[in-house]
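Visitor: sequence and predicted structure are below.
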Amino acid sequence: MATTLLTSQPAWSQAAHGAATATAATADQTSDASASTQLPTVTVDGARSTTFRTSTASVTGIDDAPLRDTPASVSVVNRAMLDDQQARLLSDVVRNDASVGNAYAPVGYYQGFEIRGFPIDLASAIRIDGLTISGEQNVALENKEQVEILKGLAGIDAGVIAPGGVINFVTKRPIDVASVTTSVDSRGSTSAAVDLGHRFGVDDQFGIRINAAKENIHSYVDGANGRRTFGSIAADWNINPRASLQFDAEFQQLIQRSVSGYQLLGGTVVPPAASASTLLGGQSWTKPLTTDALNLNARFDYQFNDAWQGYIAAGRSHTMIDDNVAFAYGCYYVSSCGAGGTSPYFFSSTGDYDVYDFRSPGEYRRNDELKAVLTGKFSTGAIRHELTFGASVQRRVVDLSNAVYDYIGSENIDGPAQAFPPSPNSTSASFPQLDAHQYAVFGVDRITLNDQWQILAGGRELMLRQKSWTSMGGPETGTDKTVFLPQAALVYKPVQPLSLYVSYSKALSLGDQAPVRASNAYAFLPPIESHQVEAGAKYDWQNRLSLTASVFSIDKPFEFAQPDSSDAGYTFVQHGTERHQGIELGASGRATERLTLSASLAAIRARAYDSGSPAYEGHQVINVPRLSATMYADYAMPGVAGLHLLGGVNYVGSKNANEEGSASVPAYFVFNLGASYTTKLGGHKTVVRLAVDNLFNKYYWQDAGEQQGDAYLFLGAPRTARLSLTYDF
């Protein structure tokens, strides 16, 4: 949003205010005419705000699109939930949506996620205010107003994107605010953050907001502590009633030792007694991973007249990562490896594993984007049109070095820990590995036929130009592809609070990179097309509780390491079809006068077909639960003003942990409990929050996904309590 955010007055409040004003005026006139006449007292009651319910989002590419009229599945986690849950990472946020899960999210490393069972593409699926960023970072939350999750294929400016969806961070805009928040957790982590904003000038035409944070991280994994520094600035200038300009900049540095995941024993057995606190293969000489991230956005808006407006937005995002880890992987060098024909790309059946000195300094990734959009409203007879069209240019640059990845020794998951000397080898200088350009023109027309029927029709003409290299001085490979990506939807409103829709979308995504164990190691496969059909319903109950339901089917080519007769034993290929079909249910808002909730459920059937590898078919795709559900609630305690009881539960069903479906991690429930108390100290608002995650200290595997074709397992965090205090001054 380019203009200053204003608090809109609800319709019932405006009506009541108008009635009260009119009544007061009448009372004055009557008093003048006859002092003995007295009007009856008028009492107006207003319900408190629906804390967790959000009515608009911009993640589909249209500013502040009403969610009820958007023919797509969108969930929003707003600032109230972020604060009450004391969220630190995106993984804390997305647990509020049952359709989103972890997909390679180790402690100390940037996190990966899957939506509707498809891993998202970090090069394109993570956005700030609608502009793509380098997703190889853990985006800070201190300066974010809300997080929007678009599930599946939709959105006029999606571009090259994986079929799972998009996650968009919306930044806080300048308002008059001054607050400080301090927090501590049960493991000794501490943090402090400030939020300072002010509007000034004629009619408050200028605004500035500064957020800053410092955090000392005490991890539940031994030896994986770290620290984080963050700062951001948001500035607005309302140039005149028609033009406005906004600018955002944020920087974050994270220094923390990264943690290796477990692997299946012998490729078929989940480690029965793994420890969440063990740093596998840890060596005293390894350095922590360092991530420096910078995100810059600017946007100019102009209102041509009451019907037409447009904007130009530009963004640059880059991350610089020095990756250092004693990495636990496979069992190639131990005698117990391969027993019974098991794969050397997993831990051995007895729990032995190899340790590698992995060093990859100077990992540079950059996203640049320029976008121009024009929107307008007009009519052709009785038919109304809301037209949005524009053009965009994106560039993605990746520079990497020839990393050190050398075997240094072997250990066992049951210990004891051993010390090994580092590799004497050095890395090369960084070199370009990927240079990709996207050029696109796009448009969509929302056609309103009458009060009940709407049609959305549009698409995106996309040109992808990509070059890649697998080593310094190595051969160049390229992609030159032009494709039209259509989308269409039909919306029917039988009654005002209810919307029914059906939609079709097509998208293009980059091919995955082959794993090191494949005969075509590190090669990028060609771009692939995916298709989605979705139908859904959205209902606003008494304008306080939003209910949603959707069914979907998404197809894309199946990408996997196919066993073959090559020297490596595998070749990474695109063959057959991967199809995910599912149903999603959601509710958010105020269920009663005291109870506010956010809940969702997802049931997904994910299968591979016609792959040529029967062992990979006929069962659920790796790391995708058949059923998951989440609920979070806020209950205002009677008799104690300002006291709220908070809590929720997450359920994730069993997930396959290998491509053959012969091993799986069990289903789990995780319960969370908390409270918040709002009072005044020295005349200033003060909020104390307590949150206890994993209340019953559940032992569970939260992630059984793949990274570049190799499967890893990560345990969930044990019970953790956090206490914070926010003081407005």
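Guide: Now that the structure is in, tell me what you want to look at. Residues are numbered from 1 along each chain as shown.

Visitor: for the rest of this, base every contact and every neighbour count on C-alpha atoms.
Guide: OK.

Visitor: past the helix or strand hosting H575, which element shows up next along the chain?
Guide: Assigned by DSSP states H and E, H575 belongs to strand 570-590. Next helix or strand after strand 570-590 toward the C-terminus (DSSP H and E): strand 595-609.

Visitor: distance from the chain centre to that following strand, please.
Guide: 16 Å (C-alpha atoms, centre = their mean, to the nearest Å).

Visitor: pull the CA atoms of it into CSV?
Guide: Provided in CSV are the C-alpha atoms of strand 595-609 (Å, rounded to 0.1, in the frame of the first residue of the first chain):
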residue,chain,number,x,y,z
LEU,A,595,-13.9,-16.5,21.9
THR,A,596,-11.8,-15.6,18.8
LEU,A,597,-10.3,-18.4,16.8
SER,A,598,-8.3,-19.4,13.7
ALA,A,599,-8.6,-23.0,12.4
SER,A,600,-7.9,-25.0,9.3
LEU,A,601,-7.9,-28.6,8.0
ALA,A,602,-6.3,-30.1,4.9
ALA,A,603,-6.6,-33.6,3.5
ILE,A,604,-4.3,-34.2,0.5
ARG,A,605,-3.8,-37.2,-1.7
ALA,A,606,-0.4,-36.9,-3.4
ARG,A,607,0.6,-39.6,-6.0
ALA,A,608,3.0,-40.2,-8.8
TYR,A,609,1.8,-41.8,-12.1
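
Visitor: packing partners for it?
Guide: strand 570-590, strand 627-636 (3 or more C-alpha pairs under 8 Å, 6 or more residues apart in numbering; DSSP states H and E).

Visitor: quick one: which of those is nearest L141?
Guide: Among these, strand 627-636 comes nearest to L141, with 19.2 Å by C-alpha to C-alpha.

Visitor: what residues does the closest one touch?
Guide: For strand 627-636, contacts defined as C-alpha atoms under 8 Å, 6 or more residues apart in numbering pick out 95-99, 594-604, 642-653.

Visitor: who does the strand or helix carrying N672 pair up with?
Guide: Using DSSP H and E, N672 sits within strand 668-681. Note on strand 668-681: by DSSP bridges, its sheet partners are strand 643-652 (antiparallel), strand 684-693 (antiparallel).

Visitor: quick one: list the elements packing against the next helix-or-strand element following the last one.
Guide: Spelled out, that is strand 684-693. Per DSSP H and E, the first helix or strand lying C-terminal to strand 684-693 is strand 701-703. Applying 3+ C-alpha pairs under 8 Å, 6+ apart, we find strand 701-703 packed against strand 100-102, strand 714-715.

Visitor: chain center to the shortest one: distance?
Guide: It stands for strand 714-715. How far strand 714-715 lies from its chain's middle: 20 Å, per C-alpha atoms, centre = their mean.

Visitor: that strand pairs with which strands, and in what direction?
Guide: Counting by DSSP bridges, the strands paired with strand 714-715 are strand 701-703 (antiparallel).

Visitor: lowest mean pLDDT among the helices and strands, pick that one out for this structure.
Guide: helix 11-33 (a mean of 42; mean pLDDT, DSSP states H and E).

Visitor: avg pLDDT for the next helix or strand after it?
Guide: Counting by DSSP H and E, the next helix or strand C-terminal to helix 11-33 is strand 56-57. Average pLDDT, strand 56-57: 84.

Visitor: the following helix or strand past strand 56-57 - what's its average pLDDT?
Guide: Using DSSP H and E, the helix or strand that follows strand 56-57 in sequence is strand 65-66. Mean pLDDT, strand 65-66: 84.

Visitor: could you point out the helix or strand that follows strand 65-66?
Guide: Helices and strands here follow DSSP H and E; after strand 65-66, the next one along the chain is strand 73-78.

Visitor: quick one: list the elements packing against that next one.
Guide: Using 3+ C-alpha pairs under 8 Å, 6+ apart, the elements in contact with strand 73-78 are strand 144-151.

Visitor: contacts for the strand it packs on, please.
Guide: By C-alpha under 8 Å, 6+ apart, the residues outside strand 144-151 that reach it are 57-60, 72-79, 82, 93, 99, 115-116, 164-172.

Visitor: ok, longest strand in the protein?
Guide: strand 352-380 (DSSP state E).

Visitor: sheet partners, orientation included, of that one?
Guide: strand 308-328 (antiparallel), strand 383-400 (antiparallel), strand 404-412 (antiparallel).

Visitor: how about JSON lines for those strands, with distance to L464 added?
Guide: Listed next are these as JSON lines, based on distance: least, C-alpha to C-alpha, whole Å:
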{"stretch": "strand 308-328", "distance to L464": "19"}
{"stretch": "strand 383-400", "distance to L464": "10"}
{"stretch": "strand 404-412", "distance to L464": "32"}
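
Visitor: need the winner for burial among these.
Guide: strand 308-328 (a mean of 22; mean count of other C-alpha atoms under 10 Å).

Visitor: chain center to it, what's the gap?
Guide: When C-alpha coordinates are averaged (C-alpha atoms, centre = their mean), strand 308-328 and its chain have centres 14 Å apart.

Visitor: where are the low-confidence patches of the stretch 401-550 of the chain?
Guide: 473 (pLDDT under 70).

Visitor: again, 80 this time
Guide: Scanning the stretch 401-550 of the chain with the threshold set as pLDDT under 80 gives 470-476, 516, 522, 524.

Visitor: poorly predicted segments of the stretch 251-400 of the chain, please.
Guide: Looking at the stretch 251-400 of the chain by pLDDT under 80, you get 338-342.

Visitor: typo on my end, it should be the stretch 101-250 of the chain
Guide: For the stretch 101-250 of the chain (pLDDT under 80), the answer is 154-159.

Visitor: report the central residue of this structure.
Guide: The centroid of the chain falls nearest to I167 when counting by C-alpha atoms, centre = their mean (4.0 Å).

Visitor: and the helix or strand that one falls within, what does it pack against?
Guide: Assigned by DSSP H and E, I167 belongs to strand 165-171. Judged by 3+ C-alpha pairs under 8 Å, 6+ apart, strand 165-171 is in contact with strand 126-128, strand 144-151.

Visitor: the very next helix or strand once past that strand packs against which elements?
Guide: Proceeding C-terminally, strand 165-171 gives way to strand 177-185 as the next helix or strand, assigned by DSSP H and E. When contacts are defined as 3+ C-alpha pairs under 8 Å, 6+ apart, strand 177-185 sits against strand 190-200, strand 720-728.
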